[in-house]
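# Fold the following, please.
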Amino acid sequence: MIYLKQHDTEKGRIIAMCDEKVLGRVLSEGVREVDLNKYAGFYRGELVNSEKAAEEIGDEKFYSANVVGEESVKVFLKKGMADQGSVAVVEGVPFIQIFLIE
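Numbers count the residues shown, from 1 in each chain. Now for the predicted structure:
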C-alpha cells in the first residue's frame, strides 16, 4: 500500500508518495538522508493500492515530486512521470525527487 498526498501550491502541484512500510523511518547512507519520520505528515495522505495511486496522480503536469519506496517508484515510472535515471537508492530503498524549474 502507498500513502499518497498531493499538495496544491502557487507554483503547482506537489506529489508525495511513500510506501506504507517505510513511512516513519530515517534512511541514511553517506551524504544522503531521507527522513520519513520527521516529514511523515508531508506523505501521510490517503492509503491506496498502486492502481488507485496511478489513477489519482493522473497525467497532469506537476511542480515537484517526492516518491519513496519500491511500490511507489514503480507506479511513478510506469506512468512515465520519470525515468530509471531519476531513481536514487538509500539503504536499499529507491526514491525519486524531482523539482521542475521554469
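# Low-confidence ranges, the chain, go.
Scanning the chain for pLDDT under 70 picks out 101-102.
# Give me the phi and psi for residue 53.
phi -60, psi -50 (degrees, to the nearest 10).
# do you know how far the most centrally placed residue in the chain is from residue 5?
The chain has residue 67 as the residue nearest its centroid, 1.4 Å off, counting by Cα atoms, centre = their mean. Residue 67 sits at a distance of 12 Å from residue 5 (criterion: Cβ to Cβ, to the nearest Å). Placement of C-beta: from N, CA and C, glycine included.
# joint contacts of those two?
residue 16 (Cβ atoms under 8 Å, 6 or more residues apart in numbering).
# rewinding a little: isn't the residue nearest to the centre of the chain right up against residue 95?
Yes. In this structure, residue 67 is within contact of residue 95 by Cβ atoms under 8 Å, at 6.4 Å.
# what do those two both touch?
Joint contacts of residue 67 and residue 95 (Cβ under 8 Å, 6+ apart) are residue 73.
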